[in-house]
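*Asks:* quick one: sequence and predicted model below, then my questions.
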Amino acid sequence: MRVLVVDVGGTHVKVLATGEKAPRECASGPTLTAGQMVAGVKKVTAEWKYDAVSVGYPGPVLHGRPVAEPRHLGPGWVGFDYQAAFGCPVKVVNDAAMQALGSYQGGKMLFLGLGTGLGSTMIVAGIVEPMELGHLPYRDGTFEEYVGVGGLQTHGLTQWRRDVEDVVGRLIAALEPEDVVIGGGNIHQLQTLPAGCRAGDNANAFLGGFRLWVDDRQHRKGDRAHEA
């Protein structure tokens, strides 16, 4: 199966398909709608062939459907027919969950994505649990208001690094993960990683998108074997 992975970010939409060596991208931003995203993706992948699509969505997803509009993009994502728009089967997952799945090496892992906001996902024994930790209250705002791009721009790099250290430490203490991965576009702004953490790679979002369909095929094989 050839899969197109679409990673929707606050500034760019990045895409990669099975068999292709280099990702491509199109512009994102605060006015981007779901329809515009699909049109942009189709434009930059016009000569690529794919049978299915994985979409990493920057917001909460339930049963494969966005359940809230993204905080940093335009409207129209909830209720949009992604399968009809792409013309093939589509799986929509939280963007942090997709990158977390690509970063997972076993056990109990916490993934935190430092980007436009703060992405977060737990994976325990292979079970992916997307979370919205960035919206929890912190000081006079929320976690993501301090460690997202807004906090970096408002408070400056030095304070932002201190806040990242503090927020990550609090979440580790609360959730007690065995493995902590820090990813997202702003990881390069850190001089050193918080204690006990390893660096993620944005390319892991693509790996996670491919794994969504590999795992699906494995489950179907298992179902057929059980039925037999």
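*Replies:* Yep, it's here. Residues are numbered from 1 along each chain as shown.
*Asks:* contacts and neighbour counts: CA atoms only from here.
*Replies:* OK.
*Asks:* can you pull the contacts of the spatially most central residue of the chain?
*Replies:* Nearest to the centroid of the C-alpha atoms of the chain, with distances taken as CA atoms, centre = their mean, sits D95, at 1.9 Å. By CA atoms under 8 Å, 6 or more residues apart in numbering, D95 lies in contact with 7-8, 55-59, 119, 205.
*Asks:* likewise G169?
*Replies:* Counted by CA under 8 Å, 6+ apart, G169 has contacts P194.
*Asks:* state the helix or strand in which it lies.
*Replies:* helix 157-175 (DSSP states H and E).
*Asks:* contacts for the helix or strand containing V180?
*Replies:* V180 is located in strand 179-183, with elements delineated by DSSP H and E. Residues outside strand 179-183 that contact it (CA under 8 Å, 6+ apart): 100, 103, 107-114, 172, 193, 196-202.
*Asks:* which among those residues count as buried?
*Replies:* With burial judged by 16 or more other CA atoms under 10 Å, the buried subset of the contacts of strand 179-183 is 100, 103, 108-114, 172, 193, 197, 199-202.
*Asks:* pick out the most distant pair among those.
*Replies:* Greatest spatial distance in these: I172 and N202, 21.6 Å, computed using CA to CA.
*Asks:* in helices, which of the buried ones among the contacts of strand 179-183 appear?
*Replies:* Counted as lying in helices by DSSP state H, out of those, are 100, 103, 172.
*Asks:* just to revisit the earlier point, distance check, the residue nearest to the centre of the chain against M37.
*Replies:* In this view, D95 and M37 are 15 Å apart by CA to CA, to the nearest Å.
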